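>>> Okay, structure incoming, though there's no sequence with it:
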Ligand SMILES: NC(=O)c1ccc[n+]([C@@H]2O[C@H](COP(=O)([O-])OP(=O)(O)OC[C@H]3O[C@@H](n4cnc5c(N)ncnc54)[C@H](OP(=O)(O)O)[C@@H]3O)[C@@H](O)[C@H]2O)c1
């Protein structure tokens, strides 16, 4: 592909769900000139690319093969990116059963590798090479501050030390405790949000935005959940007003990319006890998110696993 006119964005996990919809919405904006679809499977990425071209009438999509749970694959994918990015959307993510506590070759859980570690290596690789021009968006969840009404406990720690956060990353947190898929998911997104706030202080000329799409229907995220939860997500939650459609959830991430009024270092998601509606600074709900020492501890814990 020749040098694009307009801005370049890379979106991880963009072959389905929210990531694909973010790609679609961004492609409808004339200032966007190239979109990298960073996906782990060629066939699913090719299908998404064809859909997106047909939907938007734009031929600005380029596939980068990247499994974010594999740091070698992330580094190879990064080498395939041509020049610099204006925006990076770190969207790939998983939630699920205890099999996600298995460790990768880097010694972290598959849950942490997919949601955070691969993105840390990707974003910090770009920063080290001075190849990010404007904004990085990390996709989190209201689970990172707890969702009492859906039985997601708040991921609170005794002192939020580097060692405590490391226990989440290497899975030892759940070695002695019954696995809780919702808490485990909230913990990793919480560490990701703290890490982004740490980076915001290190790079004041760039923007680091953490955003939750909110409780969003029309994705594959609930596919691995128990049948009652899948049924509720599809048929009950939309009617109770505790979820919104794919276009709405994805628009929150698009705002993270295009809205300069969103402040760097802030984690934006729904208001307290909500999973939809306007974006609110989550530190107003969970003040630990604004604690600079905790942010630094998250960064230190992550870097215990990125040296290889
Ligand atoms: N839906 C919600 O209500 C909700 C709420 C809060 C936060 N989120 C967050 O929003 C993001 C998108 O979720 P979604 O609902 O759109 O889920 P989804 O439909 O399951 O899509 C997840 C995407 O991530 C990709 N992915 C998973 N593991 C990967 C890996 N190792 N390497 C590269 N890509 C990988 C998937 O690719 P494959 O097709 O190859 O599996 C897929 O493209 C996630 O970070 C999720 O935690 C979603």
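Okay, I see it. All values reported here derive from a predicted model rather than from experimental measurement. Residues are numbered from 1 along each chain as shown.
>>> which residues sit against the host helix or strand of residue 75?
Assigned by DSSP states H and E, residue 75 falls within helix 71-80. Contacts with helix 71-80, where a contact means CB atoms under 8 Å, 6 or more residues apart in numbering, come from 38, 40, 64-68, 106, 117-118, 121-122, 125-126, 306, 308. (Each C-beta comes from the backbone N, C-alpha and C, glycine too.)
>>> what stretches of this protein score poorly on pLDDT?
In the predicted model of the chain, residues 1-4, 308 satisfy pLDDT under 70.
>>> Which parts of it are strands?
7-12, 32-39, 61-65, 85-90, 132-139, 207-211, 267-269, 280-281 (DSSP state E).
>>> orientation of the third one relative to strand 32-39 in degrees?
I take that to be strand 61-65. Here the directions of strand 61-65 and strand 32-39 differ by 30 degrees (axes from the mean of the first three to the mean of the last three CA atoms, to 10 degrees).
>>> Tell me the gap between strand 61-65 and the middle of its chain.
In terms of CA atoms, centre = their mean, to the nearest Å, the centre of strand 61-65 is set 18 Å apart from its chain centre.
>>> And it, what's buried?
61-64 (16 or more other CB atoms under 10 Å).
>>> can you tell me how far residue 189 sits from residue 75?
According to CB to CB, to the nearest Å, residue 189 stands 23 Å off from residue 75.
>>> okay, the two: which has more neighbours?
It is residue 189, of residue 189 and residue 75, that has more neighbours when counted by other CB atoms under 10 Å, with 27 against 14.
>>> hmm, back to that, among the strands of the chain, which is nearest residue 164?
Distance to residue 164, taken as CB to CB, is lowest for strand 267-269 among these, at 19.3 Å.
>>> Quickly check: the closest one near the ligand or not.
No: residues of strand 267-269 are not located near the ligand by CB under 6 Å from any ligand atom, the shortest gap being 8.4 Å.
>>> who does that strand pair up with?
Sheet pairing of strand 267-269 (DSSP bridges) gives strand 207-211 (parallel), strand 280-281 (antiparallel).
>>> Write out the residues of the stretch 151-300 of the chain neighbouring the ligand.
Selection of the stretch 151-300 of the chain residues close to the ligand by CB under 6 Å from any ligand atom yields 212-213, 215-216, 219-221.
>>> Helices of the chain, start to end?
17-27, 42-56, 71-80, 110-112, 118-128, 162-169, 181-202, 227-231, 237-240, 246-258, 292-303 (DSSP state H).
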